[in-house]
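# predicted model and sequence follow; I will ask about them next.
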Amino acid sequence: MPTAFQRYLLPGLAFKSVVIGGGYATGRELAEFFLPSGPQGGIMGMVFAMLIWSIVCAATFMFAQATRSFEYRGFFQRLLPGQAWRVFEIAYVLLMILMLAVFGAAAGAVMHAMTGLPVLAGSLLLMLGIGVFTALGNAAIERLFKWASAFLYGVYALFLLFSLAAVGDRNTQGFALPVATDGWAMGGLTYAGYNVVCAVMILPIARHFRGRRDAMVAGLLAGPLAMIPAMLFFVCMVAWLPQIGGEALPSDYILQRLDRPWFHLLFQTMIFVTLLESGVGAVHAINERVAAAWLQRKHAPLLKRSRFAIAAVILIGSILVADRFGLINLIAKGYRASAWVFLAIYVLPLLTLGVYWLWRHPEQLTTASHQNR
């Protein structure tokens, strides 16, 4: 019997785990999409993105629970007509390579800042960890999401306290500035657009839902659970405007000025852990898609060594991309383009065709709920 934690909180923590990635955890995404709108405009953009996440996650979880679609291939075969699901798969694989490239670039930068080792060393260590966890399967991955989330929330709370204690007056001055008249809505929409696909990556967790209410509540909670750490981080960043806007690692910029070496190390460790859980979530979605197809064709489960091999192929390609383009360019250019693609092929069909299907088939929701009790 699934616990209340698995039904209501775990999906949001899993969504946060995949969203947070390299750009969020280091502050680079926040600098790219929200700082240009100013302190108050940035918060408005983040609230807007959070609301989009909650709505889309709720619809995604409800549709997945109703149709028993616990991996993205099955989900889009039921949502989109004909062979249109293949368009999503192509776009998803490209985004996943982009995301893993960002994670690899961020891990390399963090490891270099911590130890002075070459950037490639941090990227390789991260990719090895991702490969191991994805080979272990659902139970190990859910434990990773649970304990890594507790670690992350605690570190971000300390980060806010130390920052306010050091430069709280600068935060007050920053938030007293006028709200930007434009840009915050587009920044929030763009940021939400490419990250919301993370709801599809964590579909294996939808198997814990006992009915439509579970799925809806979990989806609505996912937005706040994913955005609260970002808001805490953003408040800290405001004190260091405008210089922090051009930093590849805003987190490292602040930590150096807080001058707490032990906390600097703890925060960098937290970033590495978040990169690990984000990468695991992205690659696990591919493994679950392959495992479902393998089970259908061969009537046998996908072996752990096969899962590891699939992860290794994807990760090696992503390392090459990260080494070629770098963190700032990947976030500024790649993510913006992918946002509009997923709004068109995922969010729009979900909120029209998917919601209409749910409205027309309430009895299937009830049946699925009873089957899972």
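Yes, it's here.

# quick one, what contacts the closest residue to Trp85 other than its chain neighbours?
Closest residue in space to Trp85, ignoring its immediate chain neighbours: Phe76 at 3.6 Å, by C-beta to C-beta, 6 or more residues apart in numbering. Every residue, glycine included, has its C-beta placed from N, CA and C. Residues counted as contacts of Phe76 (C-beta atoms under 8 Å, 6 or more residues apart in numbering) are 84-85, 88-89.

# out of those residues, which are buried?
Buried subset of the contacts of Phe76 (neighbour count, 16 or more other C-beta atoms under 10 Å): 85, 88.

# could I get the contacts of Phe76 as TSV with secondary structure and distance to Cys198?
Below are the contacts of Phe76 laid out as TSV (DSSP: H, G, I helix; E, B strand; the rest coil; distance: C-beta to C-beta, whole Å):
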residue	secondary structure	distance to Cys198
Ala84	coil	21
Trp85	helix	18
Phe88	helix	14
Glu89	helix	16
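
# any idea which of the contacts of Phe76 is closest to Leu220?
Among these, Phe88 lies closest to Leu220 (C-beta to C-beta), at 23.9 Å.

# give the residue spans of the protein that score low on pLDDT.
Counting by pLDDT under 70, the ranges of the chain that qualify are 22-23, 178-181, 319-336, 363-373.

# please, where are all the strands along it?
Assigned strands in the chain: none (criterion: DSSP state E).

# and Leu295, how many residues sit next to it?
Applying other C-beta atoms under 10 Å, we find 12 residues neighbouring Leu295.

# I figured it hits Leu302, correct?
Yes: between Leu295 and Leu302 there is a contact under C-beta atoms under 8 Å: 7.4 Å.

# before we move on, back to that, from the contacts of Phe76, pick the one nearest Ala218.
Nearest member of the contacts of Phe76 to Ala218, counting by C-beta to C-beta, is Phe88, at 22.2 Å.

# which residue is the nearest non-sequential neighbour of that closest one?
In space, Phe88 is closest to Phe76, 4.9 Å off (C-beta to C-beta, 6+ apart).

# neighbours around the closest residue to Phe175 other than its chain neighbours, how many?
In this structure, Phe175 finds its nearest non-sequential neighbour in Pro39, 4.7 Å apart by C-beta to C-beta, 6+ apart. Using other C-beta under 10 Å, Pro39 has 24 neighbouring residues.

# all helices of the stretch 251-373 of the chain, in order?
Using DSSP state H, counting those that start in this stretch, the helices of the stretch 251-373 of the chain run over residues 261-298, 304-325, 327-329, 336-342, 348-349, 355-360, 362-371.

# I'd like the ones you listed laid out as CSV, including distance to Gly45.
What follows is the helices of the stretch 251-373 of the chain, written out as CSV (distance: least, C-beta to C-beta, whole Å):
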stretch, distance to Gly45
helix 261-298, 21
helix 304-325, 25
helix 327-329, 20
helix 336-342, 13
helix 348-349, 21
helix 355-360, 25
helix 362-371, 34
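
# okay, the ones you listed, which one's buried deepest?
Of all the helices of the stretch 251-373 of the chain, helix 261-298 has the most neighbours on average by mean count of other C-beta atoms under 10 Å, namely a mean of 20.

# on that earlier part again, ok, the residue nearest to Phe88 to Phe209 distance?
The gap separating Phe76 from Phe209 is 19 Å, by C-beta to C-beta, to the nearest Å.

# also Pro301?
23 Å.

# of those two, give the one with the bigger neighbour count.
Phe209 (27 against 12).

# surely the more buried one and Arg7 touch.
Yes: in this structure Phe209 lies within contact range of Arg7 using C-beta under 8 Å: 6.1 Å.

# so what's in contact with these two at the same time?
Ala218.

# got the contact list for the residue positioned nearest the centre of the chain?
Nearest to the geometric centre of the chain sits Val19, at 1.2 Å (C-alpha atoms, centre = their mean). Taking C-beta under 8 Å, 6+ apart, we find Val19 in contact with 53, 195, 198, 226, 278.

# ditto for Arg260
Per C-beta under 8 Å, 6+ apart, neighbours of Arg260: Phe162.

# mind listing the helices for the stretch 51-200 of the chain?
Under DSSP H, counting those that start in this stretch, the stretch 51-200 of the chain gives helices at 72-79, 85-115, 119-136, 138-175, 184-195, 198-201.

# those helices: which one's closest to Arg289?
helix 72-79 (4.7 Å).

# and the angle for the closest one with helix 261-298?
Angle, helix 72-79 to helix 261-298, by axes from the mean of the first three to the mean of the last three C-alpha atoms, to 10 degrees: 60 degrees.

# got the angle between helix 72-79 and helix 85-115?
For helix 72-79 against helix 85-115, the angle by the same axes, to 10 degrees is 140 degrees.

# just the CA trace of helix 72-79, in CSV.
The C-alpha trace of helix 72-79 is given here as CSV (Å, rounded to 0.1, in the frame of the first residue of the first chain):
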residue,chain,number,x,y,z
TYR,A,72,6.6,8.7,-21.7
ARG,A,73,6.1,6.5,-24.7
GLY,A,74,2.9,5.0,-23.5
PHE,A,75,1.8,8.4,-22.2
PHE,A,76,2.1,10.2,-25.6
GLN,A,77,0.7,7.3,-27.5
ARG,A,78,-2.5,7.8,-25.6
LEU,A,79,-2.3,11.6,-25.7
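
# excluding chain neighbours, give the residue nearest to Ala291 in space.
That would be Leu302: by C-beta to C-beta, 6+ apart, it lies 3.9 Å from Ala291.
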